[in-house]
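Colleague: no sequence on this one, just coordinates:
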């Protein structure tokens with residue numbers, strides 16, 4: 001069953017069954033809500049404070065095996081590691097600082113909404129990052145895309161013949177990438 005959490009979450013002191021099989025929606029409407037995963041992976045996470053003033057702040061690394069969605073509220077990565085195995089959706093809200101995200105699975109990830117990333121990383125050979133048409137992804141830190149000669153990282157538009165933009169004002173570490 002999907003979970004809605006309207007407060008801080010500390011998985012080192014709280015127990016939630018099947019967190020790896022469900023969508024966890026953080027939906028507090030105000031205050032700073034701290035999220036401590038205690039090395040537990042999430043399936044899908046969503047942040048939506050419904051036009052409130054909530055800040056969702058990581059206390060440790062967050063591993064999301066599925067989708068990451070920010071609809072409303074402020075997401076504060078707090079300089080912690082954020083790994084995403086599925087899709088990235090930025091539909092609203094804001095970031096306390098530009099996120100650093102590693103797309104770490106072999107499945108295709110759709111990146112929707114224009115996002116300013118500090119660091120954007122994908123080093124899984126054969127990984128495909130698909131961008132929704134008309135979006136702009138800005139990287140201010142390091143863009144790391146590392147495939148292999150036999151299995152390149154693929155960058156694609158969600159719609160054939162539609163453009164997406166990646167603006168990189170930082171450092172690049174890019175090899176074996178196929179861009180269309």
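Modeller: That came through fine. Since the structure is predicted, the reported quantities are computational estimates derived from the model, not experimental observations.

Colleague: doesn't residue 64 make contact with residue 37?
Modeller: No. Applying C-beta atoms under 8 Å, one finds residue 37 not in contact with residue 64, separated by 9.6 Å. All C-beta spots, glycine's among them, are computed from the backbone N, C-alpha and C.

Colleague: between these two, which one's more packed in?
Modeller: Using other C-beta atoms under 10 Å as the criterion, residue 37 and residue 64 rank with residue 64 on top: 24 against 21.

Colleague: need the contact list for that one.
Modeller: Neighbour list for residue 64: 41-45, 82-86 [criterion: C-beta atoms under 8 Å, 6 or more residues apart in numbering].

Colleague: now the nearest residue to residue 173 once chain neighbours are set aside, which residues is it bridged with?
Modeller: In this structure, residue 173 finds its nearest non-sequential neighbour in residue 144, 4.4 Å apart by C-beta to C-beta, 6 or more residues apart in numbering. On the basis of DSSP bridges, residue 144 is bridged to residue 121, residue 173.

Colleague: Any regions of the protein where pLDDT drops low?
Modeller: 17-18 (pLDDT under 70).

Colleague: Repeat the analysis, applying 80 as the threshold.
Modeller: The model of the chain has pLDDT under 80 over residues 1, 15-21, 51.

Colleague: do you know how far residue 180 is from residue 130?
Modeller: To residue 130, residue 180 is 10 Å away according to C-beta to C-beta, to the nearest Å.
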